[in-house]
Each structure stands twice: as C-alpha cells, then as structure tokens.
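[1] Predicted structure and sequence below. I'll ask about it afterward.
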Amino acid sequence: MPSITPHMIVATSVAKRLNINSEDFIRGNLLPDIIDIENSHHKIKSGKYMVPNIEFFLKNLDFTNDLDIGYLTHLLLDKHFLEDYLGKIYPNRNIFLDGLIYKDYDYLNHLLVKRFKLDTNYIENVLIQCDCKIMEKKLEYNIQCLNQNKIGKMNYLNINSFSKFLKEVSKTISEELTKYANKSS
C-alpha cells in the first residue's frame, strides 16, 4: 500500500475532479491506515498481495457520506497500486517482503509533496481534527511521513513513473466513484 503522501495527492485530485469540497473526504482518505479496527482494508488474497475487497466495502457504503467516499478512495488507490502499478512493474515478486519499499516511501514523500504542491499544513490540520476512533500513534506517524525530507536512493519506486501513475489513477478513481454512485442511486 502506498504511504500517506500518494493518498493525499489522489484525494486532492479526485476532490477537484468531482467538485468535492469536504474535509471529511480528505480525512476518509487516511482512515483505513489510522482507525482502530481489525481488517480496516477488507483485504482478500489477489496474486502476491492482499488487495482491498472493494465489492465488500460497497455493500455498506453511504454515498451521501464524504468520509465513506474518502475511505473508498483510499481502498481504490491501494487496489490500483498493488494490481496496476506494482503488479506490472514486479509481476513475479512481492516487494514488501524485504521492507525496502518503505525506505523508498521515506525518500519519495518529500519529492511528491514538492512535485504536486501538496499543502501539508492544511492536510495536517484536517487530519488532527478527526473525531473517529483512531490510533493516535498511527496518525502521528502518518503526519511525520507527510512532512519527511529524507534524501536517498530508491530501490523499487521511480518518481517519474509513480507521479504519472498518480495522475492517471486519480482520473480512474474519479470515474469509478461516479460509476459506483450512479449504481447506488
């Protein structure tokens, strides 16, 4: 699963595309990583990875609730990241096993913040006002990741191809959300 920075990039892009002006939508995009419940990602086995089960989540989704829509956006990014990005670049390998991808996230975060001109102060303020049942340590960790400024050589990820993926997947997720919302009404 990608770190907080890609999630916030996709959240802000999808919000612009779908004209969602809601702090709850932004909060929902981080909830699966910080809430205090088991199986927050509704994972199923899919090839090498445990991929979010979107259909399961859709069964209980309230399309009038921006927090729920943000949560779904998070799950969709995780799914596309595992299947469409990593699955194509590393088709025969689970790159999470050696843990080096997490170092890539450390180096990638600040590059993405700069490239996408992410307003980290706004995002931090929105996230700390979350009144959901969250794990404070996980929230603090994610905010630290959002504000990292580490420099180093990445092992698995490439800033250019990953940036392109984030732009493309933002469009895809916007289309999926529209399709799901139309089906539910």
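    Structure received.
[2] so who does S170 touch?
    9-10, 13-14, 17 (CB atoms under 8 Å, 6 or more residues apart in numbering). Every C-beta, even on glycine, is put in place using the N, C-alpha and C of the backbone.
[3] where along the chain do the helices fall?
    For the chain, the helices defined by DSSP state H occupy 4-17, 23-28, 31-34, 54-58, 66-80, 87-89, 100-115, 120-128, 136-146, 159-184.
[4] can you tell which of those helices is closest to G152?
    Minimum separation from G152 across those (CB to CB) falls at helix 100-115, 4.7 Å.
[5] mind showing which ranges of this protein have poor pLDDT?
    Applying pLDDT under 70 to the chain picks out residues 35-49, 134, 185.
[6] make it 80
    Within the chain, the segments meeting pLDDT under 80 span 33-52, 130-136, 139, 142, 184-185.
[7] Surely I95 and L86 touch.
    Yes - judged on CB atoms under 8 Å, I95 makes contact with L86 at a distance of 6.4 Å.
[8] need the contact list for the spatially closest residue to S170 that is not a sequence neighbour.
    Once flanking residues are discounted, S170 sits nearest to S13: 3.7 Å by CB to CB, 6 or more residues apart in numbering. Contacts of S13 were listed using CB under 8 Å, 6+ apart, and they are 166-167, 170, 174.
[9] could you list every residue that touches the one residue sitting closest to the centre of the chain?
    When CA atoms, centre = their mean is applied to the chain, the residue found nearest the centroid is H7 (3.1 Å). By CB under 8 Å, 6+ apart, the contact list for H7 reads 29-30, 33, 74, 77.
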